[in-house]
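Engineer: show me how the following folds:
(one chain, ligands or ions: 1)
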Amino acid sequence: MSQSMSSQKKRILVVEDSPIVLKIIRHIIHQELNSKHYHVDYAESLAEAQACVAEHQYFAALADLNLPDAPDGEVVQYILSNKIPCIVLTGSYSEERREKLLMMGIVDYVVKESRFSYAYAVKLIQRLSLNEHIKVLVVEDSTTARKYLRTLLEQHLFQVLEAEHGVQALDVYRAHPDIRLIITDYNMPEMDGFELVRQIRTQSDKSDLAIIGLSSMEKGALSAKFIKNGANDFLQKPFFPEELHCRVIHNLESIEQIQALNEAANRDYLTNLYNRRYLYSAGEELYKSAQQGRPLAVAVMDIDHFKSFNDSYGHEAGDAMLVHMGELLSESFSRFVTARLGGEEFCVLLPGLSQTQARTLMDQFRLRFEDEGVYLGDNYLQATISIGVTSYLGHSLDSMLHHADELLYRAKEMGRNSVVGDV
Ligand SMILES: Nc1nc2c(ncn2[C@@H]2O[C@H](COP(=O)(O)OP(=O)(O)OP(=O)(O)O)[C@@H](O)[C@H]2O)c(=O)[nH]1
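Structural biologist: Numbering: from 1, shown residues only. From the prediction side, this is the model:
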């Protein structure tokens, strides 16, 4: 493996002295953590953990509280003092100890009960990897409370932004539209939490951006009002760090599930390219820009003699060729919108390109496709494609696609394996 490949991997440290537990953790890590993205080091004592930390940078650690040379959680202190997020594994549950450790800033406290608890701990590592890319905005007028929330969120590796009141929060959100979660207090100068939620909801709905309202104990009704105004959830102050983390994760996971469903609805099951449905919705925006003067080219392509390809090599080989086509299209046109229209027909929308530029790119792709076949078992399969490219806007995106389709059939009539553009 090259140095650069291995250095891109996240390094995880597991500190555990029990061979049985270690075996289970190794097995779960092997199943759950993609070895392309993670490298895991195992240590059986504090001394071994120290040697690892001296040599490498760790993304996170899973550590047992009781080790032969560190019977009282010293390894956790050591890991935290090196600013490594730490998930603690413990043989027995103690309320007092749990609270102490959470206050020290560990990510979580996991009791070694069954393989499910180890699986939970390993999943937390994946969660931390996701959190690294998530922006959270904390809106609080009290500096102490704001800093406390920041500390808790940073323990879980979130990117934290701050605002002192609603007006400032709207500015921050405008500057960072990729914020995924807002945690907001109610009582603030300039603009309170309710008004902030109301204004945010005119721009982003609950499945794009989660909002958690904070309310204090004595104002019980506030929590329900937050939800009625458009917040996803609320949390009563004062709260335990664990409570905050649970709410945050719960709300982010809901958003992620909805986004995964939307993504699946927009994708073709075989090639994982976008489907016709998505092409039309993304294409409408591009078509509107084209009407205002930005160039747009549309290419429609089709694998030549695909029926006889299927007949000669079988349907499975046909599928492999379609998947191969999807991979080459994604690679070659990552800047553009690529989609499978259906069957063996594909489309690329090329905004910003003139007819000549689009035709040149398409001809390069045609040659690449002809050149690079795909293996199915021992069989090396090759095929060719015909392509139609148009820049005539016509009266709709649909008419552009029809026109590109007509040009494609001209390419077929002219003998296939060619590109035909506007005349
Ligand atoms: N393996 C496989 N074949 C498919 C799939 N979808 C459509 N096809 C096949 O694609 C073939 C398309 O054939 P035609 O449109 O008649 O094309 P052709 O006449 O063979 O070739 P050209 O005239 O060059 O377009 C049909 O045999 C379909 O069964 C798929 O998902 N998998």
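Engineer: can you count the residues close to the closest residue to Glu370 other than its chain neighbours?
Structural biologist: For Glu370, the nearest residue in space outside its immediate sequence neighbours is Thr384; the separation is 5.0 Å by C-beta to C-beta, 6 or more residues apart in numbering. The way it works is simple: take the backbone N, C-alpha and C, and place the C-beta from them, glycine included. Using other C-beta atoms under 10 Å, the number of residues around Thr384 comes to 14.
Engineer: Thr384 and Val110, how far apart?
Structural biologist: According to C-beta to C-beta, to the nearest Å, Thr384 stands 56 Å off from Val110.
Engineer: again, but for Glu331
Structural biologist: 41 Å.
Engineer: for these two, work out which one has more neighbours and name it.
Structural biologist: Here Glu331 and Val110 are set side by side on neighbour count (other C-beta under 10 Å), and the busier one is Val110, at 18 against 11.
Engineer: show me the beta-bridge partners of the more buried one.
Structural biologist: Taking DSSP bridges as the rule, Val110 bridges to Leu89.
Engineer: show me the strands in the stretch 301-423 of the chain, by range?
Structural biologist: 337-342, 345-351, 374-376, 379-381, 385-390, 419-421 (DSSP state E, counting those that start in this stretch).
Engineer: what about the residue of the stretch 101-250 of the chain with the smallest separation from the ligand, how many neighbours?
Structural biologist: Nearest residue of the stretch 101-250 of the chain to the ligand (C-beta to the nearest ligand atom) works out as Ser207 at 31.2 Å. Neighbouring residues of Ser207 were enumerated by other C-beta under 10 Å; the total is 14.
Engineer: need the three-state assignment for it.
Structural biologist: coil (DSSP: H, G, I helix; E, B strand; the rest coil).
Engineer: give me the distance between it and Ser254.
Structural biologist: Relative to Ser254, Ser207 is positioned 8 Å away (criterion: C-beta to C-beta).
Engineer: now Glu74
Structural biologist: 38 Å.
Engineer: before we move on, back to that, which residues does the residue nearest to Glu370 contact?
Structural biologist: Under the criterion of C-beta atoms under 8 Å, 6 or more residues apart in numbering, the contact list for Thr384 reads Ile303, Asp304, Arg366, Phe369, Glu370, Arg416, Asn417.
Engineer: the same query, at a cut-off of 7 Å, please.
Structural biologist: In this structure, Thr384 makes contact with Asp304, Phe369, Glu370, Arg416, Asn417, judged by C-beta atoms under 7 Å, 6 or more residues apart in numbering.
Engineer: which residue packs closest to the fourth one, ignoring adjacent ones?
Structural biologist: Residue nearest to Arg416 in three dimensions, not counting chain neighbours: Asp304, with 4.3 Å by C-beta to C-beta, 6+ apart.
Engineer: ok, that neighbour - how many residues close by?
Structural biologist: As a burial measure, Asp304 scores 19 neighbours (other C-beta under 10 Å).
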